[in-house]
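*Asks:* give me coordinates for this.
(chains A, B, C and D)
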There are 2 protein chains.
Amino acid sequence: MSVLPQPDRSELRLSTVLNVLAEPVRLRLLAHLSEDHELDSERRCAVEEWSVGVHKSTLSHHFRLLREAGVTSTRLDGRRRWVRLRYDDLEARFPGLIPSILAALPEELERDRAQNAT
Amino acid sequence: MSVLPQPDRSELRLSTVLNVLAEPVRLRLLAHLSEDHELDSERRCAVEEWSVGVHKSTLSHHFRLLREAGVTSTRLDGRRRWVRLRYDDLEARFPGLIPSILAALPEELERDRAQNAT
DNA sequence: CGCGTTGTTTGATTGACATCAAACCGAACG
DNA sequence: CGTTCGGTTTGATGTCAATCAAACAACGCG
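*Replies:* You can find the predicted model right below:
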């Protein structure tokens, strides 16, 4: 049950994490990741599981960036992959950062929809 | 004593704020802004006041983005401009976000220097 | 083995953005 | 008034990043 390469907790960098989260699609992925209220529950990488409207190759690209930034962890199981938020590691390195973002997310996504609906 | 146009507190958007802070130069500006430990003390826009190594027009560009994102406020006084972190507004809209970033900043900047020194 | 499943990688395109230099501009100053 | 001061705006340039489509690859199944 192998795990894709990812930075160690001590290697997490603020600017990298901010950079990767400062993107609407990835912010929505973060919202989904924290949705199942166990904060680090897993979810499949399948494009149907995430209601962001992008091509599956684009989604794969975003998951790679999230993983390389240390925001998520990806586990391989047969031909499936499971993604999980590295909540504890993030909280240990940047206390309060993820909770403050998660708290602001619902309203943010609401405004997104309001804006795109026009 | 006029103030440059800036978004109202209620208009602040998470993705915009994250976007504008996910940039090394602006992160250093944020560090300087919060340095004088009164969190919303002012500082001149003069390029000599900020030890980021960019051209003054580039610095002006960054200040504009910060202001338009609602992160800073710029006040005009004669031919000078004074910048200030909109700490209270940010804290009201995104509780804990700025403090968590500020807490992580010193180490982040330290690694920056370590990396660039080689 | 051959085939569908589950994604990843590659290549091309497109749009953003950081940067600098030079021109510009309002305010103070002589 | 002309000039300097304190920045801003504009234009050009280079780089990075998001996106899609198509090719690819590993796995499991019959």
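*Asks:* who's in contact with stretch A:61-74?
*Replies:* Under the criterion CB atoms under 8 Å, 6 or more residues apart in numbering or on different chains, residues A:3-4, A:6-7, A:9, A:11-12, A:16-17, A:19-21, A:23, A:25-26, A:29-30, A:33, A:45, A:54, A:81-86, A:89-90 lie in contact with stretch A:61-74. For every residue, glycine as well, the C-beta is placed using N, CA and C.
*Asks:* of those residues, buried ones?
*Replies:* A:6-7, A:12, A:16-17, A:19-21, A:23, A:26, A:29-30, A:33, A:81-86, A:89-90 (16 or more other CB atoms under 10 Å in any protein chain shown).
*Asks:* ok, which stretches of chain A are helices?
*Replies:* Here chain A has its helices, by DSSP state H, at A:14-21, A:24-33, A:56-69, A:87-93, A:97-117.
*Asks:* want to throw those into a markdown table with distance to DNA strand D?
*Replies:* Shown next, in a markdown table, are the helices of chain A (distance: least, CB to the nearest atom of the strand, whole Å):
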| stretch | distance to DNA strand D |
| --- | --- |
| helix A:14-21 | 7 |
| helix A:24-33 | 5 |
| helix A:56-69 | 3 |
| helix A:87-93 | 19 |
| helix A:97-117 | 12 |
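*Asks:* what's the most buried one of the ones you listed?
*Replies:* Mean neighbour count (mean count of other CB atoms under 10 Å in any protein chain shown) peaks for helix A:14-21 among the helices of chain A, with a mean of 21.
*Asks:* do that one and chain B meet at all?
*Replies:* Yes. Interface with chain B: helix A:14-21 contributes A:14-15, A:18-19, A:21 (CB under 8 Å from any CB of the partner chain).
*Asks:* contacts only, for residue A:41.
*Replies:* Residue A:41 neighbours (CB under 8 Å, 6+ apart): residue A:84.
*Asks:* and it, how far from residue B:109?
*Replies:* 35 Å (CB to CB, to the nearest Å).
*Asks:* keep only the contacts of stretch A:61-74 that also lie close to DNA strand C.
*Replies:* Residues of these in contact with DNA strand C (CB under 7 Å from any atom of the strand): A:45, A:81.
*Asks:* mind listing what the residue nearest the centre of chain A touches?
*Replies:* Centroid-nearest residue in chain A: residue A:30, 3.8 Å away (criterion: CA atoms, centre = their mean). Residues in contact with residue A:30 (CB under 8 Å, 6+ apart) are A:21, A:71, A:85, A:101-102, A:105.
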